[in-house]
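Undergrad: give me a model of this one.
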Amino acid sequence: MRGIGWVNDLAGPGAELKAVQRRHARFINTTMMVTGLGAAVSDGLADGRVVSGVGGQYNFVAMAHALPQARSILCLRSTRRAQGSLSSNIVWSYGHATIPRHLRDIVVTEYGIADLRGRTDREIASALVEVMDAGFQESFVADAMRAGKLPRGYLIPEAARANRGDTIEARFGSPRVRRAFPELPFGSDLTAEEIELARALKWLKSAAGSWRGRLTVARRALAANPASAALRPALLRMALAEPAGMRQRIERRLVAAALRSAK
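TA: Predicted structure coming up:
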């Protein structure tokens with residue numbers, strides 16, 4: 001075990017040894033958003049709200065550029081849903097950046113990989129179009145054209161137009177395929193019930209973010225069968241298997257509906 005001063009940085013004692021040991025290193029981090037010129041937003045919002053500390057992300061990205069044959073890989077979902085509204089996590093510009101555009105490297109979404117290092121602004125914008133959700137490509141391209149980063153004749157590749165959630169679901173959503181990709185492939189102390197509940201509660205939070213979603217939740221809660229034996233282990237974990245009072249009975253139905261919906 002080493003302190004973060006050793007792990008996160010090349011400078012200081014042992015710099016030569018670290019540089020030799022870390023050749024071909026791959027530094028993998030997550031980020032919240034990526035801009036059209038490759039900057040990454042990971043720790044705060046444009047209005048000044050702080051989401052998290054930067055941590056070692058900047059150090060790892062800078063190391064990837066300083067080390068021979070090393071790469072920085074930033075992963076993100078192409079979209080996010082908040083209060084019932086879907087937004088793109090790949091945006092043309094944003095009022096805050098954690099990783100500046102001159103340290104851009106590899107960006108990965110559920111739709112593919114964009115290799116941005118050493119490429120022109122035009123190539124970067126085009127590469128990001130190909131890994132973003134199709135529902136936001138047209139507005140992104142229009143912004144890039146206004147900024148002079150994509151030519152007026154630019155056409156979105158046909159393959160990229162298939163970047164939609166239903167395409168991913170069709171490809172990977174079957175029970176057989178899902179079993180091939182465990183949610184926690186490197187193991188966990190969480191029980192099967194806790195993993196199932198995490199998925200269900202995430203669905204419940206997302207669905208309850210809009211009036212239409214709340215109606216869906218209410219309808220499914222009324223139709224749910226919380227007494228089902230299949231749901232009992234998860235409801236036991238939530239201390240809702242034997243509800244006491246109206247509030248817990250409502251919560252049990254909501255959790256039962258979420259467990260059924262998030263399968």
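Undergrad: surely L190 and E183 touch.
TA: No: counting by C-beta atoms under 8 Å, L190 does not reach E183; the two are 9.3 Å apart. Any C-beta I mention is one placed from the backbone N, CA and C, and that applies to glycine too.
Undergrad: how about stretch 178-195: buried residues?
TA: Neighbour-count burial for stretch 178-195 flags E193 (criterion: 16 or more other C-beta atoms under 10 Å).
Undergrad: and the end-to-end length of that stretch?
TA: One end of stretch 178-195 to the other measures 14 Å (C-alpha to C-alpha, to the nearest Å).
Undergrad: who is V108 paired with across the strands?
TA: For V108, the beta-bridge assignment (DSSP bridges) gives partners C75, I113.
Undergrad: mean confidence (pLDDT) on the strand or helix carrying A256, please.
TA: Applying DSSP states H and E as the criterion places A256 in helix 246-261. Mean pLDDT, helix 246-261: 94.
Undergrad: what does stretch 207-223 give?
TA: 90.
Undergrad: so how far is that stretch from its chain's centroid?
TA: 24 Å (C-alpha atoms, centre = their mean, to the nearest Å).
Undergrad: now tell me what touches that stretch from outside.
TA: 81-85, 204, 206, 250, 253-254, 256-258, 260-261 (C-beta atoms under 8 Å, 6 or more residues apart in numbering).
Undergrad: buried among those? Make that a ChimeraX selection.
TA: The buried residues among the contacts of stretch 207-223 can be selected in ChimeraX (16+ other C-beta under 10 Å) with this line:
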select :204,206,253,254,256,257,258,260,261
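Undergrad: which one of the contacts of stretch 207-223 is nearest to I168?
TA: R81 (14.5 Å; C-beta to C-beta).
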